[in-house]
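Chemist: Predicted structure and sequence below. I'll ask about it afterward.
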Amino acid sequence: MDFKIRFATPEDLEDMLELIQELAVYEKEPDAVQVTLEDLHKYGFGDQALYKCFVAEVENKVVGMALFYSRFSTWKGETVHLEDLIVTDSMRGKSIGKALFESVIMYAKTQNIKRVEWVVLDWNTNAIDFYEKYGATVFKEWRTVQLNEDQINHFNS
């Protein structure tokens, strides 16, 4: 199967949002997506761009994406956080995820980034196995911690 990996453009946003929604269903959170096309445009392509994204394209249709952004580590300096690596269900197993993931790694390498990091659900053994094949360390002792919008809004200083 022929596919192309390239940086996302504003014309890809609808396809990107569909992939994000598909991932939410896969991760058993079908109602969790609040991001809009406007958000994706503003934060990916506007004056306040916060993320970069590679897309995988088959026959002019986006079938996968790797959305990432810069973070700062007090230990390493600039790092890359891979927010989501998504390949639509019908295109899995065709090396598209591998090509997207390797594009992020190569981006980090060319930018002299010292660490690429991401989060993976503990039940997603296919993803864990995939990442471990690259030599990635899957930490068992670190826990992801979040405050949701409601918790933030109820904060009183």
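Modeler: All right, it came through fine.
Chemist: Can you list the helices and strands that the helix or strand where S103 lies packs against?
Modeler: S103 is part of helix 96-110 when elements are defined by DSSP states H and E. Applying 3 or more CB pairs under 8 Å, 6 or more residues apart in numbering; DSSP states H and E, we find helix 96-110 packed against strand 4-7, strand 52-58, strand 61-73, strand 77-87, strand 116-117, helix 125-132. (Each C-beta comes from the backbone N, C-alpha and C, glycine too.)
Chemist: Return the most buried member of those.
Modeler: A comparison of the helices and strands packed on helix 96-110 by mean neighbour count, using mean count of other CB atoms under 10 Å, puts strand 52-58 on top with a mean of 21.
Chemist: quick one on the thing from earlier: so which bits of the helix holding S103 are buried?
Modeler: Across helix 96-110, burial judged by 16 or more other CB atoms under 10 Å covers 96-97, 99-101, 103-105, 107-108.
Chemist: Between these, which sits nearest F72?
Modeler: A108 (14.1 Å; CB to CB).
Chemist: how about the closest residue to K4 other than its chain neighbours, what does it touch?
Modeler: With sequence-adjacent residues excluded and distances taken as CB to CB, 6 or more residues apart in numbering, K4 is closest to E57, at 4.8 Å. Contacts for E57 (CB atoms under 8 Å, 6 or more residues apart in numbering) come out as 3-6, 63.
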